[in-house]
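Trainee: The following comprises the amino acid sequence and a computationally predicted model.
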Amino acid sequence: MFARSPRTTSPARLAFTLLELLVVIAIIALLLAILLPSLESARRASKNAACLSHTKNIATSCRVYEADDASGWGIPVHPLQFRQDRDNPTYIGAYEWGGKSGVGRPDFFRRGGSAKDPLDSKYGTRAGFGPSTRPLNEILYPGGFRDNRRDRRGGYADTQLDLGLLKCPADDGPPRRGHCEDWWKNFSTTSSFDYFGTSYAANVFMNGVFGAGEGCFFSNSPYLRPTSRVPTPARTLYFEENIGRWAWAAREDQCDFIKGIDVGPTKTLRGWHGRDWTYNRAFVDAHADTQRIYVEDTADPLGYAHHYVVEKLSSYPPAILSCTNPLGEDSGTDSERETSFRCIIIRGPNWQKDTLPSPFIQTGLRWDARSDHRPSYEDCVRSDEDD
């Protein structure tokens, strides 16, 4: 008898054929194509939930601040608010309420150093926007921060703080247009948190009055206003994701003598969560919501749409016709008042920027009466007419 030789397997039988390898690769690619959008959607939803939660937390913390504030102001006011140059105001409420030291507008406040030194930022420690002087930080971060206005090394350290409560995880920078020009043009990859010191902006909607060669700011928002004097707190905007701060003012503006801000050739403003014109916002009653700032079916032949509606009010406050008369004057018939107020009633579904019919609040600040821009532009965003 002959012994049976052990069965041998050739090396070729252990390897994949080219066809089998291609099939495996195709299956993996198909699985990735199916799973990646779901993973990305889940990641985006998680970031959106965190940003919405931060927005609500800021509003809630401001109500705590308001309870201890002698004036009952719901938006924290910078300690230098009433000691600044009123003709060239730096502190007007939008960002200095809370956050770290920003690096935007690095040529704004020069005291030596290069034109791009972050210590010279308009939103930085040296200019008074450091974490030690932003009032809400005292509530959000008990124990406070060291004042580094005279400490160069400390000033740089203030720009590196990781204040998660004031940072939206989805904050990846500016819109393509429709915000501060220096941000989208020169800092296009810089987050709002790093540029301004916070991912969120307060509602500091201002009206301008001019006459006799002077112009002045009046608050038509929760800024410098006791929350008890906000007539519709559940609807009045308090804080919002900064990327959409001026979405309401985008072309076409419903005010007939204002063109609206430039949103660029795409004619849209992106949000941080994958949806254009859509942002997380908090309201004076401390609830938060995700809202789309776009009026459907209003696009003109060029593709520009409206982003707010002008509601007719049941009553109107006295019109402010002069910087020297903060109490206002009777502006005539209801029809005349409706016409007079048409450019400062800024509203949409379940939201409003204005605090009408509550009277305006004098801020003591002045603006360039020769400008045809809204005071709320703050010499920061551009009108379409600027091109």
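Mentor: Structure received.
Trainee: so where's the stretch 101-250 of the chain shaky on pLDDT?
Mentor: Scanning the stretch 101-250 of the chain with the threshold set as pLDDT under 70 gives 110-115, 210-214.
Trainee: typo on my end, it should be the stretch 251-387 of the chain
Mentor: Checking the stretch 251-387 of the chain against pLDDT under 70 turns up 320-321, 324-334, 367-373, 375-376, 383-387.
Trainee: In it, mark out all the helices, start to finish.
Mentor: Secondary structure of the stretch 251-387 of the chain, counting by DSSP state H, counting those that start in this stretch: helices at 334-340.
Trainee: Quick one: residues contacting the residue most central in space within the chain.
Mentor: By C-alpha atoms, centre = their mean, the chain has its centre lying nearest to Asn242, at 1.7 Å. Listed by C-beta atoms under 8 Å, 6 or more residues apart in numbering, the contact set of Asn242 reads Asp171, His179, Ser192, Phe196, Thr198, Ser199, Tyr200, Ala201. The way it works is simple: take the backbone N, C-alpha and C, and place the C-beta from them, glycine included.
Trainee: Of the residues you listed, which belong to strands?
Mentor: Residues of the contacts of Asn242 located in strands (DSSP state E): Tyr200, Ala201.
Trainee: With distance to Leu140 and neighbour count added, can I get the contacts of Asn242 in CSV?
Mentor: CSV is the format used below for those (distance: C-beta to C-beta, whole Å; neighbours: other C-beta atoms under 10 Å):
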residue, distance to Leu140, neighbour count
Asp171, 17, 22
His179, 25, 25
Ser192, 17, 30
Phe196, 16, 29
Thr198, 11, 32
Ser199, 13, 27
Tyr200, 12, 31
Ala201, 16, 22
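Trainee: Could you dump the contacts of Asn242 into a markdown table and include distance to Leu31?
Mentor: A markdown table is the format used below for the contacts of Asn242 (distance: C-beta to C-beta, whole Å):
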| residue | distance to Leu31 |
| --- | --- |
| Asp171 | 31 |
| His179 | 40 |
| Ser192 | 36 |
| Phe196 | 42 |
| Thr198 | 40 |
| Ser199 | 35 |
| Tyr200 | 39 |
| Ala201 | 42 |
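Trainee: nearest to Leu21, of the contacts of Asn242?
Mentor: Asp171 (42.8 Å; C-beta to C-beta).
Trainee: Need phi/psi at that closest one.
Mentor: phi -70, psi 100 (degrees, to the nearest 10).
Trainee: surely it meets Phe193?
Mentor: Yes: between Asp171 and Phe193 a contact is recorded at 5.3 Å, counting by C-beta atoms under 8 Å.
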